[in-house]
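Asks: Give me coordinates for this.
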Amino acid sequence: MAPMKLYGWVVSPWMARVRVCLEEAGAAYEVVPMSRSGGDHRRPEHLARNPFGQIPVLEDGDLTLYQSRAIARYILRKHKPELLHEGDLAGSAAVDVWVEVEAHQLEPVILPIVVNCIIAQYVGQERDQAVVDENLAKLKKVLEVYEARLSGSRYLAGDDVTAADLCHFGFMRYFMATEYAGVVDAYPRFKGWWEALVARPTVKKVMASMPPDFGFGSGNIP
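Replies: This next block holds a predicted model:
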């Protein structure tokens, strides 16, 4: 069977979400590199794959998928359903809950911090410290919820890693590259969870192609 094709740029946190799941699943895939700065995502051939002009996009035979969390679930459902707790109604619901928490509670407060603390300096924008401070305050409240959750289990959906944990990697990787990474020290269970996640060989492999500055400092921007 031909390997799946994953379109995008490897420094993307959305791309990382999918790549970690592909690695954990042991699925055969190839990255089809694209250039954001070159406008590859706006070209007709990519818009035919994703009409919203975003990445990542997965092609598996005749099937084309976009939206990183949907792609991640598809990959695991096909290749490693235990990471979704398939067949366990309560367990799979817990996975779904924490994938959604990451989407609606964590990512929205981390993204503006990362943009202002890392990306802004390379694209000619001034850091908006008020935005950073506002979202740090929100993040601390969110981390209190995670800390409480992790008091009862090693991982977010139980004592084994699942999609719920893997889907957090991309954005947390870049937040932990900012000067505010020490915020997590006040939440020891969360910090331990994160350290366990990034110690996984699959995560290390993906992280190796995600420089802390998105490649801007080296000139290797996608």
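
Asks: got the phi/psi numbers for residue 80?
Replies: phi -150, psi 70 (degrees, to the nearest 10).

Asks: What is the neighbour count of the closest residue to it other than its chain neighbours?
Replies: Distance criterion Cβ to Cβ, 6 or more residues apart in numbering; nearest residue to residue 80, sequence neighbours excluded, is residue 25 at 4.2 Å. Placement of C-beta: from N, CA and C, glycine included. Residues lying near residue 25 (other Cβ atoms under 10 Å) number 20.

Asks: The residue nearest the centre of the chain - nearest residue in space that isn't next to it in sequence?
Replies: Geometric centre of the chain, nearest residue: residue 170, 2.8 Å, by Cα atoms, centre = their mean. Spatial nearest neighbour of residue 170, chain neighbours left out: residue 13 (3.0 Å); criterion: Cβ to Cβ, 6+ apart.

Asks: what's the spacing between that neighbour and residue 151?
Replies: The gap separating residue 13 from residue 151 is 27 Å, by Cβ to Cβ, to the nearest Å.

Asks: higher neighbour count, the two?
Replies: Between residue 13 and residue 151, counted using other Cβ under 10 Å, the more crowded position is residue 13 (21 against 8).

Asks: got the buried residues for the longest helix belonging to the chain?
Replies: Longest helix in the chain, counting residues (DSSP state H): helix 129-149. For helix 129-149, the neighbour count (16 or more other Cβ atoms under 10 Å) marks 132, 135-136, 138-139, 142-143, 146-147, 149 as buried.

Asks: where are the low-confidence patches of the chain?
Replies: Across the chain, residues meeting the criterion (pLDDT under 70) sit at 219-221.

Asks: so where do the helices sit in it?
Replies: 13-25, 44-47, 68-79, 89-101, 107-114, 129-149, 163-166, 169-175, 188-198, 201-207.

Asks: Return the most buried member of those.
Replies: helix 163-166 (a mean of 27; mean count of other Cβ atoms under 10 Å).
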